[in-house]
Each structure stands twice: as C-alpha cells, then as structure tokens.
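Student: Sequence plus predicted model, see below.
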There are 2 protein chains.
Amino acid sequence: MSKELVFGHQKPDTDAIVAAKAFAYLQNKLGKDVEAVALGEPNAETVFALNHFAEPMPRIIKAAKPEVDEVMLVDHNEPQQSVSDLADVTVTDVVDHHRINGFNTAQPLNYRAEAIGCTSTIITEMFIEEKIDIPVQLAGLMLSAIISDTLLLKSPTTTDKDREIARFLAQIADIDMESYGIDLLKAGTDLASKSDKELIDTDAKSYDLNGTNTRIAQINTVDLNDVLSREDGIKQAMSDEMASDNYQLFLVLATNVLDSNSELIVVGDHQDLVEKAFNTKLNNGQANLPGVVSRKKQLVPPLTETFNA
Amino acid sequence: MSKELVFGHQKPDTDAIVAAKAFAYLQNKLGKDVEAVALGEPNAETVFALNHFAEPMPRIIKAAKPEVDEVMLVDHNEPQQSVSDLADVTVTDVVDHHRINGFNTAQPLNYRAEAIGCTSTIITEMFIEEKIDIPVQLAGLMLSAIISDTLLLKSPTTTDKDREIARFLAQIADIDMESYGIDLLKAGTDLASKSDKELIDTDAKSYDLNGTNTRIAQINTVDLNDVLSREDGIKQAMSDEMASDNYQLFLVLATNVLDSNSELIVVGDHQDLVEKAFNTKLNNGQANLPGVVSRKKQLVPPLTETFNA
C-alpha cells in the first residue's frame, strides 16, 4: 500500500488543518500510511490553537501528484477549493460537512459526510466507532475546530451531535470550553495587523454559481466597525482580486462572532440576484444581515437557488 | 418533521430493494418517518429472496415530488439512475458503494459511501453503530443482497468487511449461506422465460461517458450459451433501444455467475474506445472477458478513463 496525503481546503481554517491531522492519525492507527498536509498558511486562530496544544503545523503543498497517486480530502469536496492537480490523483476518502458539488470520481470511494457543524465532529465519531483512543492534544485541537466552525456552538449549523462531541473532547483535553473558546475566537479576529487584501483572503472560497465565478470571503470580528471603517480599501482589494483572478462576483461577509450580526459587502455582477437571494436591498453594495453567520448554510444555498432559477 | 421516501436505483436489483427496506427500518427506529419504495419491478432473484423471507415488495413510484419534499437514496447517486424528478426534491441522505458522478446538492447532507461490495453491508454496519437489533427476516434479505452483489463473495468488489458482515447476518437469519446463495443466484438466471428486450432491461444502467450516452446491461447466467445462442435477437433489441432512448453506445456483459467468465456484446459508436478500454479486439461486436464480473469496478472505470483521455 503506497503512501497517501490528506488535506483540507485552500485558505485553511482551523477545521481544515485539524481534521487533516486527526484523520491522518486515525488512518495511521488503522494501518495506512497517510500524512497530513495543508494547502496554505494557517490563520491566526489556527496558530493560537496549535500553539496552545503544542502541536506542529502540517507542511504546505502546492501539488499532490509529484508525491502520491492517491489522496484523502477533509472539510471540502469541491475541486476548485482543493489542490490544484486534484484531477491527476485518485480520491480514496472524503470526510466533510458541506454540500457536494462538482465532485466526480471514476472509482467507488469512502465518503463520509454529515449535515452537522464540523468535520472534526464526524472524525471524532469515527474514532469512537473504531474504538481508537484520542490523544489529549488532538482532542484539544478537534474541540478548537468545533468551537471555530460553530462560533462556540452558536452557529445555526450546530447540532446536538456537535454539542455532545464537544463536551466529550473538552473532558479528554481537560479544557474549560467557554473561556478557552472566547480566547480562541478573539485570536482569530486581530484585524488591525492585516492588510485589506489579507482580510479578504484569509477565509475565502470560490463557487460556480450557474456560470458566475464567485468568491465569498468571511471576516470574523468582535466589532463590525473594525471592518466597516475600512470599507473603501476592502472594496478596492475585492475589485483588484476580481480583475486578477477572473471573478465576476465577490461577496464579503463580516461577522461579529459575539452577537452573530453580519454585514454583507458586494462587488461585481448580478447584484440584483444577490438582493433577491437575501430578500434585501444593497445600499452602496452593502446590506445588514442579522443572524447570518454561516457561509455554507445561510449564504451559498439561497445564492445557488436564486442563480439557478 | 415531514415524511421522506427512500429508494434504490431504476431497474432495481436485490440490493436496491433490500437496502431501501433496511434503511427505512433503521431510520424509523431512529425516529424519522421514512417509507421504502422502489423505482421498478423486482427481478426474479429479488422475488425469490422476498418470498423466501416472507417480506413484502415496496410499492413502486414514478415520481417523488407529488408525495414528499425530501428523499433518501440507497445504492446509487447518479441522477440518471434515480427517480425522474430528483431535481425537484432535496436529498437528505445517501448510502452507496458506487463512484460519485453528477451528484450535486445545494445543502449539506448525510452521505455514507464505502468502496466495498454491497450497500447492505454498510447499512448493517450502521445498525451495529446505532446499536439497533436487526430482525431475522431483514437479516436474511440483507444477506441476500450481499450474495447477489458479490456473487457469493467471489466478485472482485468483495472485501473482508462484506465477508464478516455476511457471516454475521447468516447467523442472525440462521441460513446456510452457500446452499441458499446458489439457489438465490440460480433464481436470478432463468433466461428462457424472458424476451430479448427483457434480457437487456433487467439489470441496466445509463452512463454519460464524456458526452456519449451509454447503456450498460448485465445478464447473469449459469451457462453463457443461454445468452450467446440468442446473439442476433439481443443485438436487435439493443439497436432498437438505442434508437428509442437515444443511446450512442450499448454494452451487454453476459456473466456466468458460477465460474466468473463473461462475454461482452457491443453495439453503437466508439467501439475502438471500448477495445482500448479492455485491451481486447471485438469480433463481430463481441469479446470474451475472463474474470470480469463487476460493471462498477471492472467496466465503468476503464471506460471512463479511456473516453476522458
């Protein structure tokens, strides 16, 4: 059996990094030769979590085929979010909690997805099913991923299973979830040190909306004014990136992680369809979307539906 | 929570019918309102199994949306193998053991696939994970599905997990797997009573091979001459169906289930690519393919690769 690589999506968040580490650990325990890698630099939140649990960051790869013939994907499946040469390798395993879109294989594979808050929740279940002990440090990291993806179990994507698994992991890691969680989320919102381009790059994904090449970035903050006061610079950075990377539409969702209030910033084509999707009016390319905190559950589905209508 | 329907693929085989019944039973035990239905008449093998275990055939539906908003798929995911109005409903759950192709969703979902011999093996694992007892009759049916899909654990798709789960189910059902299995497979190979059109319709699936609309039928037999002696009529039926249903390519794989020897019959375009895919020469549209018994594992992947090259 030859070696495989496992990785999360481009522009990795905490779950993308942690789920790869956890799934590699699980697969190795099951007898496979699997290495966790990443498709980009860790964000500030992930660095905080890795440091807190004294765990190394996986090395970063640009392409898979030079090293392996087979790969495993965690926390994503859409090819444009994955490694650049995905088409040249065979995907043997996927663990994910997103919609399935544009993901096609020639061969049967192992695919485990659940409509829940975090990939690390699913991987924890797999540890339990396989009766494999979770090391303390890994439990702390998977708890961090759940806190990150669910905004401390408050996002609408959160399920009872996420809550139960988070408690289970907090016990193993011997962590006070609430106080550690607020520290973790705050660590991810140090916006002042970032350029406008970094703000829209840190947590961004690409989508094909019925032929419209779309970029959707999310910026977490503890004060929306930290984002809105930089509106002109952010819009300029969005326009620059649309020109350089051929996006026709760019959405930025700035989210206050403490009170779940969000501001949407839109640049590009089809702004009328964006208004229709969220039943709102854009004012100078902006709209307030109270309670909208999940790109996956609250942005992408209405956009997909409206653009396909 | 509103009612959902669960069903296997069109032209159902034993696994498509049984997996739907088993998954509905499991979901009902987990508190959901789910009814198993089918997308077509049962074949002779499935009728034999249902009669043997005194279990009813699910009712047959033509469309889902008139009844429900949400559905669950078992033993398939490709839309052209599914219910005609799949695009009008939301898929909440999939359990499958095939490649993923053309399956796209707007929302996250529960997707459980493993690269193993039979969907009923995966569903049995889910019963075990959820600690739900399997009724004797259902165990007998799921064992029948595994025997059917793996040709009594001899197909190359068979894994250790299928063998282990088959033994587990045989114990619950109190069945001698070998003798029951041969009776079951023979029941599915009563070809004399079928018309040429029925022969190529009973276990047939449609595939998009890089733009070539392709039909692939499999005929199980205990004597290849029962098929080859009807070559002219079968080829005529293939041509007729290509004209009526707009297939550009039609493959029939006649398989001796006792010795795993197969004869391929091809009508339509791109026969050179078919030859290339199987590294063989077609003689009057026919070629012997010893050891090839699995459409999913031994026909579709090389065809996909060759047509996409």
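Tutor: That came through, no problem.
Student: Could you tell me which residues of the stretch 1-150 of chain A lie near chain B?
Tutor: By C-beta under 8 Å from any C-beta of the partner chain, the residues of the stretch 1-150 of chain A that approach chain B are A:92, A:97-116, A:129. Backbone N, C-alpha and C define where each C-beta goes, glycine included.
Student: Quick one: buried ones out of these?
Tutor: The neighbour-count test (16 or more other C-beta atoms under 10 Å in any protein chain shown) marks A:92, A:97-101, A:103-116 as buried among those.
Student: Show me the residues you listed that map onto strands.
Tutor: A:92, A:110-113 (DSSP state E).
Student: would TSV of those residues with pLDDT and distance to B:Glu45 be doable?
Tutor: What follows is those, written out as TSV (pLDDT from 0 to 100; distance: C-beta to C-beta, whole Å):
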residue	pLDDT	distance to B:Glu45
A:Thr92	98	31
A:Asn110	98	28
A:Tyr111	98	28
A:Arg112	98	30
A:Ala113	98	32
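Student: wait, A:Gln248 sits on A:Asp269?
Tutor: Yes - here A:Gln248 reaches A:Asp269: they are 4.6 Å apart, a contact under C-beta atoms under 8 Å.
Student: so what sits against both of the two?
Tutor: A:Thr212 (C-beta atoms under 8 Å, 6 or more residues apart in numbering or on different chains).
Student: how about the helices in chain A?
Tutor: A:14-29, A:44-52, A:119-129, A:136-150, A:160-173, A:177-187, A:196-201, A:225-228, A:231-245, A:271-277, A:300-308 (DSSP state H).
Student: Find the closest residue to chain B in the stretch 151-300 of chain A.
Tutor: A:Lys296 (6.6 Å; C-beta to the nearest C-beta).
Student: ok, now which ones touch the nearest residue to that residue once chain neighbours are set aside?
Tutor: Residue nearest to A:Lys296 in three dimensions, not counting chain neighbours: A:His98, with 5.7 Å by C-beta to C-beta, 6 or more residues apart in numbering or on different chains. Each residue near A:His98 by C-beta under 8 Å, 6+ apart is listed here: A:75-78, A:113, A:296, B:108.
Student: Out of those residues, list just those in strands.
Tutor: Judged by DSSP E, the contacts of A:His98 include A:Ala113 as members of strands.
Student: okay, who's weakest in the contacts of A:His98 by pLDDT?
Tutor: Minimum pLDDT for the contacts of A:His98 is recorded at A:Lys296 (87).
Student: Was I right to think that residue contacts A:Asp96?
Tutor: No - at 10.5 Å, A:Lys296 does not count as touching A:Asp96 under the criterion of C-beta under 8 Å.
Student: the more surrounded of the two?
Tutor: Neighbours per residue (other C-beta atoms under 10 Å in any protein chain shown) separate A:Lys296 from A:Asp96, with A:Asp96 holding more: 24 against 19.
Student: Next, count neighbours for the closest residue to A:Lys281 other than its chain neighbours.
Tutor: Nearest residue to A:Lys281 in three dimensions, chain neighbours excluded: A:Glu275, at 6.0 Å (C-beta to C-beta, 6+ apart). Using other C-beta under 10 Å, A:Glu275 has 15 neighbouring residues.
Student: Likewise for A:Ala44?
Tutor: With other C-beta under 10 Å as criterion, A:Ala44 counts 16.
Student: cool, A:Lys186 as well?
Tutor: Neighbour tally, A:Lys186, other C-beta under 10 Å: 17.
Student: got a list of what the nearest residue to it once chain neighbours are set aside touches?
Tutor: Excluding its sequence neighbours, the residue lying closest to A:Lys186 (C-beta to C-beta, 6+ apart) is A:Val222, at 6.2 Å. A:Val222 makes contact with A:185-186, A:189, A:256-258, according to C-beta under 8 Å, 6+ apart.
Student: Rank the residues you listed by pLDDT and give me only the lowest.
Tutor: Across those, the bottom pLDDT score, 80, is held by A:Leu258.
Student: Distance of that residue relative to B:Thr46?
Tutor: Relative to B:Thr46, A:Leu258 is positioned 57 Å away (C-beta to C-beta, to the nearest Å).
Student: neighbour count winner among these two?
Tutor: Neighbours of A:Leu258 and B:Thr46, each counted by other C-beta under 10 Å, are more numerous for B:Thr46; the result is 26 against 17.
Student: A:Leu143: neighbour count?
Tutor: 30.
Student: again with the one 5 residues further on
Tutor: By the criterion of other C-beta under 10 Å, A:Ser148 has 27 neighbours.
Student: need the contact list for it.
Tutor: A:13-15, A:45, A:49, A:118, A:184-185, A:188.
Student: With neighbour count and distance to B:Asp240 as added columns, please give those residues in JSON lines.
Tutor: Below are these laid out as JSON lines (neighbours: other C-beta atoms under 10 Å in any protein chain shown; distance: C-beta to C-beta, whole Å):
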{"residue": "A:Asp13", "neighbour count": "24", "distance to B:Asp240": "55"}
{"residue": "A:Thr14", "neighbour count": "29", "distance to B:Asp240": "58"}
{"residue": "A:Asp15", "neighbour count": "31", "distance to B:Asp240": "53"}
{"residue": "A:Glu45", "neighbour count": "23", "distance to B:Asp240": "62"}
{"residue": "A:Ala49", "neighbour count": "27", "distance to B:Asp240": "63"}
{"residue": "A:Cys118", "neighbour count": "32", "distance to B:Asp240": "53"}
{"residue": "A:Leu184", "neighbour count": "22", "distance to B:Asp240": "65"}
{"residue": "A:Leu185", "neighbour count": "20", "distance to B:Asp240": "65"}
{"residue": "A:Gly188", "neighbour count": "24", "distance to B:Asp240": "63"}
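Student: In those residues, find the pair that's most separated.
Tutor: A:Cys118 and A:Gly188 (15.0 Å; C-beta to C-beta).
Student: From the contacts of A:Ser148, which shows the smallest pLDDT?
Tutor: Among those, A:Gly188 has the lowest pLDDT, at 85.
Student: What residue, apart from its backbone neighbours, is nearest it spatially?
Tutor: A:Gly188's closest residue in space is A:Glu45 (C-beta to C-beta, 6+ apart), at 2.9 Å.
Student: swap in A:Leu141?
Tutor: Nearest residue to A:Leu141 in three dimensions, chain neighbours excluded: A:Val18, at 4.5 Å (C-beta to C-beta, 6+ apart).
Student: residues near A:Lys161, how many?
Tutor: Neighbour count for A:Lys161, taken as other C-beta under 10 Å: 16.
Student: give me every residue that touches it.
Tutor: Contacts of A:Lys161 were listed using C-beta under 8 Å, 6+ apart, and they are A:114, A:116, A:121, A:125.
Student: Would you reformat those as CSV and include pLDDT?
Tutor: Formatted as CSV, those follow (pLDDT from 0 to 100):
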residue, pLDDT
A:Glu114, 98
A:Ile116, 97
A:Thr121, 98
A:Glu125, 97
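Student: Which of these sits closest to chain B?
Tutor: A:Glu114 (5.2 Å).
Student: Test my guess that the closest one contacts A:Ser120.
Tutor: No - the pair A:Glu114 / A:Ser120 is not scored as a contact, 11.6 Å apart, by C-beta under 8 Å.
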